[in-house]
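1. here's a sequence, model it:
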Amino acid sequence: MLTDTPVIHPQPRRSAGRARLGLLVALLAVVAIVAVGIGVRANESKDLKTWTDTQALPSVILVSPVAAAQGAALVLPGRLEAWSRAAIFARVGGYLKSWKADIGAKVKAGQLLAEIDTPEVDQQLLQARADLAAAKANASLSQTSAKRWQAMLASDSVSKQEVDERNGDLAAKQAQVMAAQANVERLTATQGFQRLTAPFDGVVTARSTDVGALINVGSSTSGQELFAVSDVSRLRVYVQVPQSYAPQIKVGTDARLSVPEYPGEPFKATVIASADSVNAASGSTLVQLQVDNPAGRLLPGAYTSVRFDLPVQPNVVRLPASALQFDDRGMRVATLDQHDHVLFKTVTIARDFGDTVEIGSGVTAADRVIDTPPDGLSDNDPVQVSKPAAANTVAEAKPHG
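-> Reported below is the predicted structural model:
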C-alpha cells in the first residue's frame, strides 16, 4: 500500500556553503585591498625617497668648450724708423759758409748740403805742400851726392863707409819726401770735408746749424749733428713680442699697421728679422718688420699699432670665466664623466678676454664642463644636471636722436 512520504531537501547545508563562500570572497577582497594599499604606500615611499635623494644632489649647469673658429689677433705697439738714417757731422773745423738743403728737402746721393769755410786747413795744406817741395829738393841733392860718391869708390878716392853714409842720407831724404807727400794727401782729404754731401737718396730730416756758426769736429759720441738724411721710401717697424707668442711670429709673417693720423686705414707690413732671444727685463723678443712707403705718408719715429693674425691653435678652446676654480691645487675646471660624477681637471690659460678665457691645455671640446661649480664639490661626487633658464630678452631704451 502506497503511502505519501514527504521528500526532504538539504536547504540548510547549501545556505551554509554560500555563506562560507561569501565570507571567503570578502576576506580575499580585504586582503587585496590591504595588499594594494601596502603596495601604493611602498611605491609612494620609494618615490619620496627617490625625490628626496634627487633633491639632495647638487644641481649644476653645463657649458660646452668651444673651439676657436679662427686664430686670435695679437695687437702690439710699435715704432716706425727710417730704413736708413745718416747723421752728418763735421770732419773739419771752421765756420759754416752756406747750406743748400733744409728739412723736408729731397736729396740725391752726393748732393751738396753745406760748405764749411776752413782757413786753418787751407794754410796747413799750403805749408804741407811747401814742406813736400823742400823734401823733394833735399832728396834730389842727396841722390846726386850719393851717385858721385859711388863713382869715386871705384877709384878708391873715398872709403866704403863714406859711400854708405851718403846712401843712407839719400834713403832718409826719400822717406821724408814720402812723409811730406802723405801729409799733403791727408790735408787734401781733410779739405774735401769742407763740402757736406748726402750719403744716399732720401729726405733731410734735421738741420741744426746756420751760416756763420762755429763748426767743431764731431762724431756720434761727441760734437754737434749738422744734418740728418733719412731714406723713407720704406720703413722699419720694431715690435716687442711677448715670449709666449714669439714662436708664432716667424720671418715672412704678414701684419697690418694702423697709425692715428690715418684712422681705419691699414698698411701691410712683413716680418723680416727677429732677435731670436728674450729680453730678461721685459720678457719679450724684438721683431723687425718692413713696410713700403713710396708716397711718404708714414713718418719715421711715429707710433703705430701692429696687428698679427695668429694661426688657429688645434687644442685651444674657449670657456666662460665663471667655469674656472682656483684653489691650492691651481687653476681647475669641474667636468662630468659619463655617470654624471664630478671630475676636476687642471688647466692653463692661453688668453684672458675678461668674461671668457682661452684654455691652452687641460680640457677638450668633448668635455662637459660645469659652469659656476658649487662650493664643496669633490672628485667622484654625483650631481644632477639642470638646464639653464632661458635668458629674457630686454629691449633697452635708446635715446632719441
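2. low pLDDT regions in the stretch 1-150 of the chain?
-> 1-17, 42, 44-56, 69-70 (pLDDT under 70).
3. strands along that one, start to end?
-> For the stretch 1-150 of the chain, applying DSSP state E, counting those that start in this stretch gives strands covering 59-63, 66-67, 73-88, 94-99, 106-107, 112-117.
4. touching the second one from outside, list them.
-> Going back to what we said before, that points to strand 66-67. Contacting residues not belonging to strand 66-67 are listed as 316, 317, 318, 319, 365 [CB atoms under 8 Å, 6 or more residues apart in numbering]. Every residue, glycine included, has its C-beta placed from N, CA and C.
5. kindly report the same for the first one.
-> Contacts with strand 59-63, where a contact means CB under 8 Å, 6+ apart, come from 319-320, 323, 334, 336, 368-374, 383-388.
6. drop anything exposed from the residues you listed.
-> Among those, those classed as buried by 16 or more other CB atoms under 10 Å are 319, 323, 334, 336, 368, 369, 370, 371, 373, 383.
7. for the first one, what are its contacts?
-> Going by CB under 8 Å, 6+ apart, residue 319 touches 63, 65, 66, 333, 356, 357, 359, 363, 369.
8. who touches stretch 379-386?
-> 54, 57-62, 336, 339-344, 370, 377.
9. ok, and the most crowded of these?
-> residue 370 (24 neighbours; other CB atoms under 10 Å).
10. which SSE is it in?
-> strand 368-371 (DSSP states H and E).
11. I figured residue 232 was touching residue 302, is that so?
-> No - using CB atoms under 8 Å as the test, residue 232 is too far from residue 302 to be in contact (11.0 Å).
12. so between those two, which is more surrounded?
-> The neighbour count for residue 232 versus residue 302, taken as other CB under 10 Å, is higher for residue 232 (23 against 14).
13. could you measure the more buried one against residue 209, distance?
-> According to CB to CB, to the nearest Å, residue 232 stands 22 Å off from residue 209.
14. repeat for residue 239
-> 35 Å.
15. tell me which of the two has more neighbours.
-> residue 239 (25 against 19).
16. so the more buried one bridges to which residues?
-> Partner residues in beta bridges with residue 239, using DSSP bridges, are residue 78, residue 287.
17. what's near enough to touch the spatially most central residue of the chain?
-> Most central in the chain under CA atoms, centre = their mean is residue 241, positioned 2.3 Å from the mean C-alpha point. Counting by CB under 8 Å, 6+ apart, residue 241 makes contact with 74, 76, 249, 284, 285, 286, 287.
18. residue 357 too?
-> Here residue 357 is in contact with 318, 319, 320, 321, 324, 349, 350, 351 (CB under 8 Å, 6+ apart).
19. mind giving me the PyMOL select for the residues you listed, buried ones only?
-> Typed into PyMOL, the next command selects the buried ones out of these (criterion: 16+ other CB under 10 Å):
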select buried, resi 318+319+324+350+351
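20. farthest-apart pair in the contacts of residue 357, please.
-> Spanning the widest gap among the contacts of residue 357 are 320 and 350, at 15.0 Å by CB to CB.
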